[in-house]
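Asker: Kindly return the folded structure for what I paste below:
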Amino acid sequence: MNLPLNIVIGNIISLIAGIFIIMSMWVNDEKKAYFYQFLNAFILMISSVFFFSWTGVTTMAIAASRNLMVYKNRLTRNWTIFFIIISIVLGLLVNTLGFVGLLPIIAIVQITLCNYYLKSIKTIKTSFIVNSAIYIVYFLAILDFSSAVIESITALVGLVSLYRLITHDSGT
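Answerer: Residues are numbered from 1 along each chain as shown. Here you go, the predicted model:
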């Protein structure tokens, strides 16, 4: 199979981003998790250029900004509303992928609401797992195989980590 160079470069960059998404699932500290989520989104914004996914570029830029605000404890209700509105409006304006282009918009709205409302590490991890599931479908559709594999691993790591948290809290 002879993949175009942009897909190969995009997959390499996505692989680097994937390291941070896995790290975000593994840690049990909310602040560290969001810092790694910031790095992941920022790097995926760059890789999205190589996949010609302008919705991906837009939503990842918004996600990186939002994750930085969560990391710095500055995500207020007004900022949450702003990020949701801008994600939907800009995401729809730049969407050239039809239904596939809607997936990052759905994912960013889902995780933005979770960022604001969820405060415990268990519910945060659960929201990350749901978000990963949405992105697995999206990444496969745009041929970002590195990210699809990484998101699958991330979801599994998240499930294991969540299970460990739950069983640790229950005393087993």
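Asker: show me the biggest helix of this protein in terms of residues.
Answerer: The longest helix of the chain (DSSP state H) is helix 145-169.
Asker: Give the rounded mean pLDDT of that one.
Answerer: Across helix 145-169, the average pLDDT comes to 89.
Asker: Just the residues contacting it, thanks.
Answerer: Applying Cβ atoms under 8 Å, 6 or more residues apart in numbering, the external contacts of helix 145-169 come out as 10-12, 14-15, 17-18, 21-22, 24-26, 28, 44, 47, 121-122, 125-126, 128-129, 132-133, 135-136, 139-140. From N, CA and C alone the C-beta is placed, and that goes for glycine too.
Asker: same check, this time on stretch 134-143
Answerer: Outside stretch 134-143, the residues touching it (Cβ under 8 Å, 6+ apart) are 3, 7, 14, 51, 53, 56, 97, 100, 103-104, 106-107, 110, 145, 147-148, 151-152, 155.
Asker: Quick one: residues contacting Tyr116.
Answerer: Tyr116 makes contacts with 75, 77, 80, as judged by Cβ under 8 Å, 6+ apart.
Asker: Please pick the buried ones from the contacts of stretch 134-143.
Answerer: Buried subset of the contacts of stretch 134-143 (neighbour count, 16 or more other Cβ atoms under 10 Å): 7, 14, 51, 53, 56, 97, 100, 103-104, 106-107, 145, 147-148, 151-152, 155.
Asker: ok now the longest helix of the chain, how far from the chain's centre?
Answerer: Relative to the chain's own centre, helix 145-169 is displaced by 13 Å; criterion: Cα atoms, centre = their mean, to the nearest Å.
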